[in-house]
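> Sequence plus predicted model, see below.
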Amino acid sequence: MNPSPQMEFRPQGAVMFSTIVVVNIIWWMVMIAAIGLGVTHLNRCTVQPSIPLYLLVMGVASILALSLTYTHSICDSGAVYILSSFCMTLLHIFSFGWFIAGTYWVYSVYPPNYTPGPAPYCQKTTFQFAFVVTTLVWVTLSLMFVCGGCFILLSCCCTVNARHRLSPNRSTFYGGTNDFADAAGDV
């Protein structure tokens, strides 16, 4: 029995798949906690009332986006595929704008007063959760851009460096392995 190339087992594929599953499970747990904190402390942040709402909407939007991503990956054609693509695009644009607004709301009041009273305050767990999640997302995005930029730079450098070996000239021919080999058919 000869397995098809699509069904071939690759260890690095299994590691990548496992990593994606674990990261997804962790993100689901964080977003469920964000929804819980946002609902529980909805009126307990007078210094910036939008912070619990930010957590609530961010959690719902992230869980909805993950669910649409799963639907999108299962259905690879038809109306469900097109509808999920359209909804995912709108949801990602909304989530990005909401994240920028949440970043402003969280960082503009740092550090808030945590003591409830007549002065504006914010419930400590809610604010610190929003601060940590927002900061971790920014750090992750920054690392992704830096690593992506390094990869692009490395690819460009390797391509420029290999260009003289890839472009034929008068003394080379297609299929030659080095500059010292005689061209096939030379006398």
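Thanks, I have the structure now. Residues are numbered from 1 along each chain as shown.
> give the contact list for residue 35.
Counting by Cβ atoms under 8 Å, 6 or more residues apart in numbering, residue 35 touches 55, 56, 59, 60, 63. Any C-beta I mention is one placed from the backbone N, CA and C, and that applies to glycine too.
> Look up how far residue 84 lies from the residue nearest the centre of the chain.
For the chain, the residue sitting closest to the mean C-alpha position, by Cα atoms, centre = their mean, is residue 141 at 7.0 Å. Distance of residue 141 to residue 84, computed by Cβ to Cβ, to the nearest Å: 24 Å.
> pretty sure residue 102 is touching residue 129, no?
No. Proximity of residue 102 to residue 129 does not meet the contact threshold set by Cβ atoms under 8 Å, at 11.9 Å.
> helices or strands up against the longest helix belonging to the chain?
Looking across the chain with DSSP state H, the single longest helix is helix 124-166. If you count contacts as 3 or more Cβ pairs under 8 Å, 6 or more residues apart in numbering; DSSP states H and E, helix 124-166 packs onto helix 11-40, helix 50-74, helix 79-108.
> relative to helix 50-74, how tilted is that helix?
In terms of direction (axes from the mean of the first three to the mean of the last three Cα atoms, to 10 degrees), helix 124-166 departs from helix 50-74 by 40 degrees.
> Report the inter-axis angle for helix 124-166 versus helix 79-108.
Counting by the same axes, to 10 degrees, helix 124-166 lies at 120 degrees to helix 79-108.
> Okay, angle between helix 124-166 and helix 11-40 too, please.
150 degrees.
> now helix 124-166: mean pLDDT?
Computed over helix 124-166, the mean pLDDT rounds to 89.
> do the same with stretch 85-92
89.
> Check what contacts it and list those residues.
Outside stretch 85-92, the residues touching it (Cβ under 8 Å, 6+ apart) are 61, 64, 65, 68, 69, 72.
> Give the buried residues for it.
For stretch 85-92, the buried set under the neighbour-count rule, 16 or more other Cβ atoms under 10 Å, comprises 88, 91.
> can you check stretch 50-65 too?
Buried residues in stretch 50-65 (16+ other Cβ under 10 Å): 51-59, 61-63, 65.
> returning to what we had before: nearest to residue 157, of the contacts of stretch 85-92?
residue 69 (33.9 Å; Cβ to Cβ).
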